[in-house]
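Peer 1: Return atomic coordinates for the entry below.
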Amino acid sequence: MYWIVLIAGAILALIYVVVKIRHNQLAPSDAVFWFLLALVLIVMALFPQVVYFFSNALGFESPANFVFLCMLAIVIFRQLTVSVENARLRNKIVQLTQTIALSRTCDSVEESLGQRRG
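Peer 2: Below is the predicted model of the structure:
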């Protein structure tokens, strides 16, 4: 029964990603991550033996604990990459703001010098 819910959730996630891409609300590079995550969920639902194998091989008490740990690791990794991208974009905004401010200042200085000469 749980595998039906897992497959339905993965399919709904795929549909949501496609809708967001069509409305230009999600970058294609981010969409790749979500497509891969949905694919992993579908594989885990269709082949639960893979989850049982890895949970037993790594010594987990329950396959559910293994799945939760994997999902937690994926979410933490994704959050880290988003934070790095956010910091990079903030720095770029600061640089662009400073460039615009300097450009406007130079324009106003040139304008005032032009008025004094003329």
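Peer 1: Show me what counts as buried in stretch 26-45.
Peer 2: Across stretch 26-45, burial judged by 16 or more other Cβ atoms under 10 Å covers 26, 30, 34-35, 37-38, 41-42, 44-45. C-beta here means a position set from N, CA and C on the backbone, and glycine is covered the same way.
Peer 1: Show me what the biggest helix by length in the chain is packed against.
Peer 2: Using DSSP state H, we find that the single longest helix of the chain is helix 63-117. Helices and strands touching helix 63-117, by 3 or more Cβ pairs under 8 Å, 6 or more residues apart in numbering; DSSP states H and E, are helix 28-46, helix 48-57.
Peer 1: and it with helix 48-57, angle?
Peer 2: If you take axes from the mean of the first three to the mean of the last three Cα atoms, to 10 degrees, helix 63-117 sits at 100 degrees to helix 48-57.
Peer 1: now the angle between helix 28-46 and helix 63-117, please.
Peer 2: Angle of helix 63-117 versus helix 28-46, following the same axes, to 10 degrees, is 170 degrees.
Peer 1: Enumerate every residue touching the closest residue in space to Leu58 that isn't next to it in sequence.
Peer 2: The shortest distance from Leu58 to any residue other than its chain neighbours is 6.7 Å, reached at Phe66 (Cβ to Cβ, 6 or more residues apart in numbering). Applying Cβ atoms under 8 Å, 6 or more residues apart in numbering to Phe66 gives the contacts 51, 54-55, 58, 60.
Peer 1: Return the per-residue confidence for Phe66.
Peer 2: Looking at Phe66, its pLDDT stands at 91.
Peer 1: Looking at the buried residues of stretch 26-45, which one is closest to Leu14?
Peer 2: Of all the buried residues of stretch 26-45, Leu14 sits closest to Ala38, with 4.9 Å by Cβ to Cβ.
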